[in-house]
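In: Any chance you can model this:
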Amino acid sequence: MSGPYNLKYIHLFVTEVSPGAFILSRSGRMADRVGRADHNLLDDLQGVAREGKYRYFWFEYTPKPMAAYALECAWFHRYHPTDNAEHPMAPMGGDIPCQVKGCSVASMAPARG
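Out: This is a model prediction of the structure:
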C-alpha cells in the first residue's frame, strides 16, 4: 500500500488505468473510508473523494476486480472506517464471499448447486 498522499496531488501518484483499492482520510492518521475500483482507480478514487471532506489517501493497484474486492474487504475489517455504512459488495457478476475469517458476509454467500 502506498501513502498517505495529499489528494491535491493524486494525479502524481495514481498514474495507471487499473483496478485497485483505496483508503481515504481526513487526518492522514486513520481510515475514514475504504473503497475500490473495478476498472479505473483514479476515476473512482476522485469520485468518492468528492463525496467527503477527505485530504489524504492510500492506494494499491490490483490485477483484477476480484483482487481489489478482497483488498477492500481486508481493509474494511482491519481499519473499521467510519464512513462506510456497510460491508463492501462483490463486483458485478462476482459471487465470491468476503475472505476475511469470521466475517458474517462470508456466511451469507449464495450456495452453488
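In: mind checking the longest helix of this structure?
Out: Criterion DSSP state H: the longest helix present in the chain is helix 65-79.
In: Low-confidence ranges, the chain, go.
Out: For the chain, the stretches flagged by pLDDT under 70 are 93-94, 106-113.
In: Which secondary structure element is home to the most centrally placed residue in it?
Out: Closest to where the C-alpha atoms of the chain average out (Cα atoms, centre = their mean) is Gly35, at 2.5 Å. Taking DSSP states H and E as the criterion, Gly35 maps to strand 33-37.
In: Same check on Asp43?
Out: Counting by DSSP H and E, Asp43 is part of helix 41-51.
In: which residues touch the following helix or strand past that helix?
Out: Next helix or strand after helix 41-51 toward the C-terminus (DSSP H and E): strand 56-61. For strand 56-61, contacts defined as Cβ atoms under 8 Å, 6 or more residues apart in numbering pick out 1-7, 10, 13-14, 16, 18-28, 41, 45, 49, 71. C-betas here are computed from N, CA, C, even on glycine.
In: And for stretch 9-23?
Out: The contact list for stretch 9-23, computed with Cβ under 8 Å, 6+ apart, reads 1-3, 5, 31, 33-42, 44-46, 48-49, 57-65, 67-68, 71-72, 75, 79, 81.
In: Give the buried subset of the residues you listed as a PyMOL selection command.
Out: Here is the PyMOL selection string for the buried members of these, based on 16 or more other Cβ atoms under 10 Å:
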select buried, resi 5+31+33+34+35+36+37+38+40+41+42+44+45+48+49+57+58+59+60+61+62+65+67+68+71+72+75+79+81
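In: quick one, what contacts Asn40?
Out: Contacts here follow Cβ under 8 Å, 6+ apart; on that basis Asn40 touches Val17, Ser18.
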